[in-house]
Structure formats: structure tokens, C-alpha cells
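Asks: Got a predicted model here, sequence first, then my questions.
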Amino acid sequence: MDIEDRIFSIIKSLNPPQQEATTVVNGPVQVIAGAGSGKTRVLTTRIAHLIYSGVEPSEILALTFTNKASKEMTARIGQILNYQAANRIWAGTFHSIFARILRYEAEYLNYPRDFTIYDQEDSNSLIKQIIKDLKLSIMDITPASIHGVISRVKNDMVFVDEYKNIASTSFEKVVAQVYEEYQNRLRENKAMDFDDLLLNTLVLFTQFPDVLKEYQDRFRYILVDEFQDTNRPQYRIIWNLAKAHSNLFVVGDDAQSIYRWRGAEIKNILNFLKDFPAAKQIRLEQNYRSTSTILNAANSLIVNNPNQIKKNLWTNNESGNKIDVIDADDDNTEASLIANKIMQLIKQDIKYSDIAILYRTNAQSLLLERSLRTYNVPYQIFGGLSFYQRKEIKDVIGYLRLLVNKNDSVSLLRVINEPPRGIGKTSLDHIMEYASKNRFSLFDAMSNSNEIQALQARAKITTKNFTETIHRYSEQLEDSTLEDVVPAFLEATGIFQMYKEIDTREMTERWQNIEQLVNDIILFGKDNPNQSISDYLQQISLLTDFDTKEFEGNKIAMMTLHTAKGLEFPVVFIAGMEKGLFPIIRSKNSKEEEEEERRLFYVGITRAEKRLFLTYAKRRARFGEYTYQSPSNFLYEIDINFLNWSDSRKKAPSFSQSPNDFYSKSAKPNFKPNTPKPNIYADKPHSDNYSQISDESTYKLGDIVMHSYFGEGKISAINGQGQSLKLTIDFKSVGRKQIMAAYAKLERFK
DNA sequence: GACCTGCTGATTTTT
DNA sequence: TCAGCAGGTC
């Protein structure tokens, strides 16, 4: 089959809206693509068709949400056309593509080409340093929380000067101070954080029209995947690039927007039609993925979100099994019930690799893992700490970063005493004082350590040796291969020796990981003789765990619901369907946040093709303390006709399910009139639910108490005595909970 | 300056 | 519950 036949046989197999979306070549197009409606197929076929129609691959910019998605897209296009063409497409994440552009154009922004990209951890340690240096006394505020605010502010495109003006509370004023210093130091360190990659690209395009023009001409065709999750700077960048030719194609689904907390604006979908009034709107509403039971269940859930674009997602697929809702006595039991169920499924000819377990928080994976191991179920976890975020790897990368960017003080501070070389807190204080007094970078101050009077003779020698080593190897790097320089340099720093010893002593795999990294670098050098170590470093700084891991062999996949976006599995388990955990409790449970949680659940449900299991535990250990959980209100929102609630519900927990009248605002499940409330406790009248023997000496009915985690609540029942004294408390934050008084840190409210 | 220990706060989600 | 860190000791 030649290329033409291949493309047209694919196009012929598409439904009419899909065909339109793939073959309209010019002009703005907005596709609202429901879950499982063949979005990826449309994207790849469209790009193949564009190239077939005469568009140069290098004129196409395809932005995806993960590196993995872009790799897969490129691979598929390669299969249809050829790999040379596919590899010339500019495909990648926003962050990776713009990092690449910023590298080319760095001098416009007064940055060196080899600028360093700071990840979250790097940013946090820089902020920690700033807090210390500015002597800010802020109790209860962590560097991470300040960075969170700064990141949010940056995503809203509020620059330092503006933020300083609008900061009103004392906390905001502190943030403003840190924000200003943070940006200064990023610049001094010749570094950008993740948000800067977007903001600086925007600055580049808006302040240098010639540069913008160049990229407008280069990217004559732009495609954006997961458009609902773009934030403001991302949208502005796309808009700037596309306004010259308007060949902008965006695909998204407002019902799957789950990154609002990171600044994503669903509004962008609506703005699109304002900014590109000529845009064609195409809806993909036929779902090819799931059984009608699963799809309709998802639909019955998502109608509870009032604000959404109207669509009618339907399927021709068979109705299939009902959705199993499994309740477990506690979190351990939940994990083993899942493992058991999986083993049953395996006997029915389902492969491990057909199954995924999804959960709300990474912390949940621990118990699940333990139980899968007990039952010998092979699994693979995606997400969480990526290879490149491991301590030993970050240490090595810290050294390598110094080779290309000596101004990177975050990396310098990270490695200066790793392995211990006698430069501790006191010496560092002297060096930093000298650096700031003379407006030197930390590295330059160390190079001049002879001039620092306060410094001990020994420290002077060590710092001098240290900086000389860096100098020597960074010079070598200019005319030698990575293979020749990198291992020798790392050996010279002593970091190899240190981890070899740790590995033998503590039976860890750290040295192995380092070997793997060094091999990877050497391979990179061989495969890309024209690229430098700084190319390598930039590339890996934007990789997540999910990007680096392949689905391997016959194993179950485990990941958070967020990570699961864009994937599909024949069998899906969603664990931890409990109030407080999913939807998760936050300090302020706003309507918007609940709607986002609901969309997240929607994403989870629609990952399943054939079978879906929803599990919850009645008792779960959180923060080392067991609490009684009630089923998630989301479970009641799904049309009961699609559910098969497990039999053990008859052994109902000994407390009432009814939402509390005076307290909980969010605890009240949103029942649709056509969805009868599953009265799962029908065989237990309310009044029998708890005996009211109160331990007069400590707690009384109606007492207002403070819980360390759930906050304020009112005691509505008291059960048991002494060690097994159980309190039923209506919390403002999570509604009704049962608490073991002996374990909970409760404070009486006067 | 390195090492030990007791305390505290963490559990959203990620480029 | 537990990891990471501040503060103290050698």
C-alpha cells in the first residue's frame, strides 16, 4: 500500500465529524472531543493528511500534554508516512518546545544558551535560601507553599511589580518580597523555573516582533491537544503564533479539565471562538471505547456539573457488565479484595496488562502494592518520583549542571558538601557573606576563597580544589566526548566513591542508578555527537516518571487519576471512593473544586473499556490514625441502574449516613430526581445505630471539638468507653466521621 | 563539622 | 505512621 492508499483508507474508516476534523486543511478549527471519541486518531491522521497535502513537516507544531503522548503521535505518523518526515514535525509538550526555542533565542532575553531549568525541588530550595537570607519570620509557611503561590501568580501572568502593588495581606506582602528576590536570583543563577519557560517565551514573542514573525512563518500549522488544560500564558503564546495565519487546530473536552489548580482555564475554549470567530466547531460525540453501561454511568455523574458545554456522548457498544461497587471493612481489606478480584479476572482470560488501578493520591499506592506483592500479582507504578528526581541522580546532575552553568547556586549548594568535604554551615555562611558583599556569584566567591579572611585554612584549600576541578573539566568538555569527560569528572568529585560505599553498606540501588544514568549520558553523546551535555540536561529536566517508563510486559498499571488521563484499559479499578479522599478535602471546599473532582472521577470512569470496579473502605488509616469513612457522594450520583453494589453492604457501618443539617454544606449528596438514592442501610433503622452511653467525664453530646486534621466539629454520638471510646462527630469540613477518642488529637472548644 | 535524636507536619493532583 | 529537619552533643 502506498502512502495515499494508507491515508485514505484510514480517513474512509472515520465517522463524518472525524473526517471533517482530519481533512479541513486551512483556518481555525475547534474540536470538542468527548472521552474515547477517537481524538488521537483524528490528530495523527490530520497531521499525516496535512503533510500529504504538501505541508512541510517542519512547518507543523503539535503541542501535547506529556512527552509520551507526543512520542506516540510521532510514531504513529511515522507508520502512516515515513519516519524521516514524522521526526521533522515540531512535536512535544509546551514546556519542552518552548525551552528549545528559548535556547535558540536566549540572547534576546539576556540569558545564556546553557541556562538551567529548575524543577520544583530546585525552586523550593532557592526559596528556602531566600527566606533564610531575608530573615523572614513566617511561621507555618513552607517554601513549597510560597512557591505554590508564586507559581499561581505567574500562571496568571502577574509580574513582580504588579504583584507588589496588589499584595494586601501581610502574607501576600511576604510573598511579594520573596517573589521579587526569587526572580532576581533565578536570573543571577542563569536559571528558569517551569513557569518561566512559558512566561519568557511570551515575553520574547511580545517584545521582539521580528522573532515572533520568524516563528509565525515557521509554524504555519499549529495543533494543540488537551486544549482544556492550557493555562493563560500557553494560550497567549499559541494565539500570538497563530494570529498571522490562523491555521490553528485545538482538541479538547471541557468535561476532562482537571488542572484548574495549576492555572488551566476552561475559559480558553470559549475565548477561542471570540479570538477566532471564523473557527469551525466540530463535535466528536461517538464513543468507541466503553460499554454503554460505563459511558452512561459517566454521563449520569457529569450532569451534576452545571457549567459545561452541552454534548451528547453516545456509543454503539454493547451494554456489558454493571459497574461493581465493592466495600471493604478497612483499607487493608480493600487492597486484598482488589488483589483477589484481579486473580479471578486472570482466570477468566484477562491479562494483567489489561488492568489498571487508579487512585486519588500517591500515598494510596503503598497498601495496594503491598497486597499485590502478597498475592504475587505483577504490577508497575507510574508517576510519583521520577528517576531523575532521586536524590543520587539529582546529586550527579547537580555536578553536571555546574559544568555548564557555574552561576547555578542551587546546584552548587546541593553538591558542595556531598560527599562531606569539610565545608559546613559556618564556612558556607562566610562564603555567602563575602559573595553578597562583593556582588559575586557563589562560585566566584569560592574561586576567590583566599580572600575570605574568616575562612579556615582547610576550607580555603577545599573550596579552591573544588572550583578548580569544575573549571578543569568544563574546559575539557569543549573538545572531548561525553564518554571521556563525564565519568572522569564524577570520579574526581568523589560522588562515585560515596554512593558505592552507601550501596554496599545499606543495600540500596543508588550506585546502580548512577551507573544507569552515566550509561544513558554516554549513549546520548554517541547518538547525538553534535549535542552537548547541556542539551541532555535540558531534555531530562522536563521528563516525568510517566514519560520515562514504558508499559512493560504483562503487568498491572497503577497510577493516580491525573496520570491516567488519555489512557484506556479493558479493566479499571478506582480505589478509595470515600468522602474526604475523593472528592478530597481541602481547606476551602468550593463548588469549583468539587466540580473539578467530579471531572476527575469522570476521567477515571471513562478510562474503562469493559469492566469498572469502584472500591471504598469503611475505615482508613490517615496520618497514622484510623478514621471511619463514608462512601463518596460521587457514588450516589451515578445512576443506580448501572451499579452492582456488593452484598457486604448489609453489614452496614454502625453510623448514620444522612448528611448533617447544620454543618456540612458539601456533604449533601446531589441526588437527581430520576436517580433513586440507594438506601443501602435500609435494614438498619437510624435510632439503633449507636447506643448513647456517654463518658461524662470527658465528652458530652453537642460538644464542639477541634480535630488536628478535620478541624471543627460537633459531637453527635458517643459510643463505648475508655480505650474504645468512639465519637461520632459532624465536621464542618467533611461531614460525619467516627473517631476513636484514644487516637485522635481532639481539643475542646470553649 | 559530623552525627544523633526527638519533634513536627504531611496527603492532592504535575509540566 | 514516618520522613525530613532543627538543634544539640561530641
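Replies: Happy to help now that I have it.

Asks: helices and strands around the helix or strand residue A:163 falls within, which ones?
Replies: Here residue A:163, judged by DSSP states H and E, is contained in helix A:160-166. Packing partners of helix A:160-166 (3 or more CB pairs under 8 Å, 6 or more residues apart in numbering; DSSP states H and E): helix A:170-188. Every C-beta, even on glycine, is put in place using the N, C-alpha and C of the backbone.

Asks: contacting residues around the helix it packs on?
Replies: A:111, A:118, A:123, A:126-127, A:129-131, A:133-134, A:136, A:138, A:141, A:146, A:149-150, A:153, A:160, A:163-164, A:166-167, A:192-193, A:196, A:407, A:409, A:441 (CB atoms under 8 Å, 6 or more residues apart in numbering).

Asks: Just the buried ones among those, please.
Replies: Buried by 16 or more other CB atoms under 10 Å: A:111, A:118, A:123, A:126-127, A:129-131, A:141, A:146, A:149-150, A:153, A:160, A:163-164, A:167, A:192-193, A:196, A:407, A:409, A:441, out of those.

Asks: among those residues, which are in strands?
Replies: Of the buried ones among the contacts of helix A:170-188, the ones assigned to strands by DSSP state E are A:118, A:192-193.

Asks: Among these, find me the one that's closest to DNA strand C.
Replies: residue A:118 (16.3 Å; CB to the nearest atom of the strand).

Asks: list the contacts for the closest one?
Replies: A:126, A:186, A:191-194, A:410.

Asks: Next up, the contacts around the residue in the stretch 1-150 of chain A that DNA strand C sits nearest to.
Replies: In the stretch 1-150 of chain A, the residue that lies nearest DNA strand C is residue A:128 (7.3 Å; CB to the nearest atom of the strand). Residue A:128 sits next to residue A:143 when contact means CB under 8 Å, 6+ apart.

Asks: Could you do residue A:375 as well?
Replies: Contacts of residue A:375 were listed using CB under 8 Å, 6+ apart, and they are A:336, A:339-340, A:342-343.

Asks: Could you rerun that using 6 Å?
Replies: Contacts of residue A:375 were listed using CB atoms under 6 Å, 6 or more residues apart in numbering, and they are residue A:339.

Asks: Next: the one 3 residues further on.
Replies: Contact criterion CB under 6 Å, 6+ apart gives A:352, A:555 as the residues in contact with residue A:378.

Asks: got the residues of chain A near DNA strand C?
Replies: Residues of chain A lying close to DNA strand C by CB under 7 Å from any atom of the strand are A:621, A:623-625.

Asks: Just put those residues in a markdown table and tack on pLDDT.
Replies: A markdown table is the format used below for those (pLDDT from 0 to 100):
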| residue | pLDDT |
| --- | --- |
| A:621 | 87 |
| A:623 | 79 |
| A:624 | 76 |
| A:625 | 80 |
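
Asks: Of those residues, keep whichever come out buried.
Replies: residue A:625.

Asks: filter the residues of chain A next to DNA strand C down to the ones close to DNA strand B.
Replies: A:623-624.

Asks: Would you check which pair of the residues of chain A next to DNA strand C lies furthest apart?
Replies: Maximum pairwise distance among the residues of chain A next to DNA strand C (CB to CB): 7.9 Å, between A:621 and A:623.

Asks: what is in contact with those two at once?
Replies: By CB under 6 Å, 6+ apart, no residue touches both residue A:621 and residue A:623.

Asks: remind me which residues of the stretch 551-700 of chain A are low pLDDT?
Replies: The stretch 551-700 of chain A contains residues with pLDDT under 70 at A:587-589, A:647-700.

Asks: does the closest residue to DNA strand B within it sit in a helix, a strand or a coil?
Replies: Nearest residue of the stretch 551-700 of chain A to DNA strand B, counting by CB to the nearest atom of the strand: residue A:562, 3.5 Å away. Put simply, residue A:562 is coil when judged by DSSP: H, G, I helix; E, B strand; the rest coil.

Asks: what are the phi and psi values for it?
Replies: phi -60, psi -40 (degrees, to the nearest 10).

Asks: For it, which non-adjacent residue is spatially closest?
Replies: Nearest non-adjacent residue to residue A:562, counting by CB to CB, 6 or more residues apart in numbering: residue A:258, 6.1 Å away.

Asks: can I assume the one you found is in contact with residue A:600?
Replies: Yes - Residue A:258 is within contact range of residue A:600, at 4.9 Å (criterion: CB atoms under 6 Å).

Asks: What segments of the stretch 51-200 of chain A are helices?
Replies: For the stretch 51-200 of chain A, the helices defined by DSSP state H, counting those that start in this stretch cover A:67-80, A:83-88, A:94-104, A:120-133, A:143-155, A:160-166, A:170-188, A:194-207.

Asks: now those helices in a markdown table, with mean pLDDT?
Replies: Listed next are the helices of the stretch 51-200 of chain A as a markdown table, based on pLDDT from 0 to 100:
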| stretch | mean pLDDT |
| --- | --- |
| helix A:67-80 | 92 |
| helix A:83-88 | 92 |
| helix A:94-104 | 95 |
| helix A:120-133 | 88 |
| helix A:143-155 | 89 |
| helix A:160-166 | 93 |
| helix A:170-188 | 90 |
| helix A:194-207 | 96 |
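
Asks: Make CSV from these and add distance to residue A:425 to it.
Replies: Below are the helices of the stretch 51-200 of chain A laid out as CSV (distance: least, CB to CB, whole Å):
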stretch, distance to residue A:425
helix A:67-80, 39
helix A:83-88, 50
helix A:94-104, 34
helix A:120-133, 11
helix A:143-155, 18
helix A:160-166, 30
helix A:170-188, 20
helix A:194-207, 30
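
Asks: Relative to residue A:377, which of those is closest?
Replies: With respect to residue A:377, and counting by CB to CB, the nearest of the helices of the stretch 51-200 of chain A is helix A:67-80 at 24.2 Å.

Asks: got the contact list for that closest one?
Replies: In contact with helix A:67-80 (CB under 6 Å, 6+ apart) are residues A:6, A:44, A:47-48, A:64, A:86, A:91-93, A:547.

Asks: Among the residues you listed, which lie within strands?
Replies: A:64, A:91-93.

Asks: Neighbour count: residue A:258 and residue A:600, which is higher?
Replies: residue A:600 (25 against 22; other CB atoms under 10 Å).

Asks: if I look at that one, how far off is residue A:384?
Replies: The gap separating residue A:600 from residue A:384 is 18 Å, by CB to CB, to the nearest Å.

Asks: got the residues of the stretch 401-550 of chain A near DNA strand B?
Replies: Near DNA strand B, when you scan the stretch 401-550 of chain A using CB under 7 Å from any atom of the strand, you find A:417, A:420-428, A:456, A:459, A:542, A:544, A:546-547.

Asks: Among the residues you listed, name the ones in helices.
Replies: Counting by DSSP state H, these place A:425-428, A:459, A:546-547 in helices.

Asks: Looking from DNA strand C, tell me which residue of the stretch 601-750 of chain A is nearest.
Replies: residue A:624 (2.5 Å).

Asks: on that earlier part again, make JSON lines from the contacts of residue A:118 and add distance to residue A:524 to it.
Replies: Listed next are the contacts of residue A:118 as JSON lines, based on distance: CB to CB, whole Å:
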{"residue": "A:126", "distance to residue A:524": "27"}
{"residue": "A:186", "distance to residue A:524": "26"}
{"residue": "A:191", "distance to residue A:524": "22"}
{"residue": "A:192", "distance to residue A:524": "22"}
{"residue": "A:193", "distance to residue A:524": "24"}
{"residue": "A:194", "distance to residue A:524": "22"}
{"residue": "A:410", "distance to residue A:524": "23"}
